[in-house]
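A.B. asks: quick one, fold the following:
(one chain, ligands or ions: 1)
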Amino acid sequence: MTNFHILTLFPEMVLRGLGESIIGRAGAAGHISIEALNIRDYTLDKHKKVDDYPYGGGAGMLMQAQPVYDAYLEAERRILERKEKEGRPDKKRNRVIYVTPQGTTFHQQMAKDFAEEEDLIFLCGHYEGIDERVLEAIVTDQVSIGDYVLTGGELPAMVMVDAIARMVPGVLTNQASGETESFYDNLLEYPQYTRPEIWQDRAVPPVLLSGDHAKVDAWRLQMAKQRTRERRPDLYALYEQAHPAEEKKKKLRNR
Ligand code: ADE
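C.D. replies: Below you'll find the model as predicted:
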């Protein structure tokens, strides 16, 4: 069970996006919970303002520290309240993930690690960023979803919540499928086919119809390796490092 707490200026966007399909059902089934706190609700400004000009000048506006910090405190308060209700209060530091292009790039192993946490707080930025002091005060992890810039942190947070949630036990009905697909063991997924056997003159690879499971497994591994070598040489190098014996055997055979 992982509880996601998302600090955002656009709570409806996040909740609507994560309320459908597998993640929506996982919430209904109690494998995960997702709540969004509207940072604007926590501003002390009488005009509900949450942003201001950057000291030193420059383009754009920055989110101010106060509303972000108070929204964060409310998330922490709710977590502690839930734990107290369940009779197991603890003062464990929760991970607070600031989604930003300045962060380390998100990947599958991170999704697995975050899925072990009971509570995760996401902070979504807007405008040109957030006052650095509140980031120093509350953030434990700064994470990017790739080397491109989006208009806000909501889509990256949704991407990460989706990837993390599907690694939480119970969320995928076929739990094995989280282990066998792309990026497991640093290999991309093999090609897959369903009915009909022939579509627009293209036949399904005959080995898949053979009923020989060992042969099917060997073919799939071979295809996964070939794909990874061609499309993602960086991943393939990692795979080879982890399977040196196999590579040595191949080199001996090719001599
Ligand atoms: N906010 C804006 N762009 C982003 C990105 N690529 N990753 C994470 N957060 C972002």
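A.B. asks: biggest helix in the protein by residues?
C.D. replies: helix 65-85 (DSSP state H).
A.B. asks: quick one, phi/psi of the closest residue in space to P191 that isn't next to it in sequence?
C.D. replies: Using C-beta to C-beta, 6 or more residues apart in numbering and skipping the chain neighbours, the partner closest in space to P191 is M223 (6.0 Å). Every residue, glycine included, has its C-beta placed from N, CA and C. With angles defined as degrees, to the nearest 10, M223 sits at phi -70, psi -40.
A.B. asks: around M223, count how many other residues there are.
C.D. replies: The number of residues packed near M223 is 18, by other C-beta atoms under 10 Å.
A.B. asks: repeat that for G56.
C.D. replies: Neighbours of G56 (other C-beta under 10 Å): 5.
A.B. asks: start the count at 143 instead of 1 going forward.
C.D. replies: OK, 143 is where the count begins now, so the last one is G198.
A.B. asks: quick one: the top strand by length along the chain to helix 207-227, angle?
C.D. replies: If each strand of the chain is counted by residues according to DSSP state E, the longest one is strand 237-247. Interaxial angle of strand 237-247 relative to helix 207-227 (axes from the mean of the first three to the mean of the last three C-alpha atoms, to 10 degrees): 120 degrees.
A.B. asks: neighbouring contacts of strand 237-247?
C.D. replies: 214, 256, 259, 261-267, 271-272, 277, 280-291, 295, 298-299, 302 (C-beta atoms under 8 Å, 6 or more residues apart in numbering).
A.B. asks: distance between it and the chain's centre?
C.D. replies: 11 Å (C-alpha atoms, centre = their mean, to the nearest Å).
A.B. asks: ok, stretch 261-279 next?
C.D. replies: On the basis of C-alpha atoms, centre = their mean, stretch 261-279 sits 17 Å off its chain's mean C-alpha point.
A.B. asks: with just CA atoms, put that stretch into PDB.
C.D. replies: Backbone C-alpha positions of stretch 261-279 (Å, rounded to 0.1, in the frame of the first residue of the first chain) are rendered in PDB as follows:
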ATOM      1  CA  ASP A 261       3.700   7.600   1.900                       C
ATOM      2  CA  LEU A 262       5.100   9.700  -0.900                       C
ATOM      3  CA  ILE A 263       4.700  13.500  -1.200                       C
ATOM      4  CA  PHE A 264       5.000  15.000  -4.600                       C
ATOM      5  CA  LEU A 265       5.600  18.700  -5.200                       C
ATOM      6  CA  CYS A 266       4.600  20.100  -8.500                       C
ATOM      7  CA  GLY A 267       6.100  23.500  -9.600                       C
ATOM      8  CA  HIS A 268       4.700  26.100 -11.900                       C
ATOM      9  CA  TYR A 269       5.900  29.400 -13.400                       C
ATOM     10  CA  GLU A 270       9.700  29.600 -13.500                       C
ATOM     11  CA  GLY A 271      10.200  27.500 -10.300                       C
ATOM     12  CA  ILE A 272       9.900  27.600  -6.600                       C
ATOM     13  CA  ASP A 273      11.800  29.700  -3.900                       C
ATOM     14  CA  GLU A 274      14.900  27.600  -3.200                       C
ATOM     15  CA  ARG A 275      14.600  28.000   0.600                       C
ATOM     16  CA  VAL A 276      11.400  25.900   0.800                       C
ATOM     17  CA  LEU A 277      13.000  23.200  -1.400                       C
ATOM     18  CA  GLU A 278      16.000  23.100   1.000                       C
ATOM     19  CA  ALA A 279      13.600  22.800   3.900                       C
END
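A.B. asks: show me the contacts of strand 237-247 that map onto strands.
C.D. replies: D261, L262, I263, F264, L265, C266, D283, Q284, V285, S286.
A.B. asks: and the ligand, which of those residues reach it?
C.D. replies: Contacts with the ligand within those, as defined by C-beta under 6 Å from any ligand atom: S286.
A.B. asks: can you name every helix or strand that the longest helix of the chain contacts?
C.D. replies: strand 144-150, strand 174-180, strand 261-266, helix 274-280 (3 or more C-beta pairs under 8 Å, 6 or more residues apart in numbering; DSSP states H and E).
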